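Participant: Whatever this is, show me its structure:
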Amino acid sequence: MRAEKKQMVEEIAGLMKDRAVVLMSYQGLKANAFNAFRAKVAGEQVKGKCQVVQNTLIKKAAASLGYSDLADADLNGDTAMVTGPDAVSLAKAVKEFAADKENAKDHVKIKLAFVEGQLLNAADALALANLPPKEVVLGQLLGLIQAPASGIARAINAKVASVLYLLDAYRSKLEKEQTA
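Facilitator: Below you'll find the predicted structure:
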């Protein structure tokens, strides 16, 4: 392999390592629309990168990282590789872009995704896009974890309150007996 190709494979492998990867087709897409998508992916919400990459280079980079499922995947046609730290936000960005009737409809389709060592087909990658954001899931998880503890705290407070009510009733009874 030529030195330039080796360097390109190393760069692609660096983009893929420990990150989510979504591969999409973009055939027939206008350059302005594609550049707008790249800017959205690079934005603060997604923090990703979108590049047009040859299928053979993707496979070689995947093989160099030990991602055998991705290296053996059937890739053909034009391919854009979208990489980023969060698979859900990547999938959402691609899905929203593909649904844009004005710019991308019928031009952009998810081919597959590679997330945490798992190769996902197009349908599974689109299912990722329907998940709530990571912060929402973490909040829901925290709520589930806190629910038993807050229930215990309420039960303890109720018992303490009932003891206080009992003592108050006893004090009132003693006061009535002393005045009588």
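Participant: where's residue 123, which helix or strand?
Facilitator: helix 122-129 (DSSP states H and E).
Participant: before we move on, what about residue 153?
Facilitator: With DSSP H and E as the criterion, the answer for residue 153 is helix 134-179.
Participant: Show me how far the helix holding residue 123 is from its chain's centre.
Facilitator: In terms of CA atoms, centre = their mean, to the nearest Å, the centre of helix 122-129 is found 11 Å from the chain centre.
Participant: With only the CA atoms kept, save that helix in PDB.
Facilitator: As requested, C-alpha coordinates have been extracted for helix 122-129 and formatted as PDB (Å, rounded to 0.1, in the frame of the first residue of the first chain):
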ATOM      1  CA  ALA A 122     -30.100   0.500   8.700                       C
ATOM      2  CA  ALA A 123     -33.300  -0.300  10.700                       C
ATOM      3  CA  ASP A 124     -31.400  -0.700  14.000                       C
ATOM      4  CA  ALA A 125     -29.400   2.500  13.400                       C
ATOM      5  CA  LEU A 126     -32.700   4.400  12.800                       C
ATOM      6  CA  ALA A 127     -34.100   2.900  16.000                       C
ATOM      7  CA  LEU A 128     -31.200   4.600  17.800                       C
ATOM      8  CA  ALA A 129     -32.500   7.900  16.500                       C
END
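Participant: Show me what counts as buried in it.
Facilitator: Buried residues in helix 122-129, defined by neighbour count with 16 or more other CB atoms under 10 Å: 122, 125-126, 128-129. C-beta here means a position set from N, CA and C on the backbone, and glycine is covered the same way.
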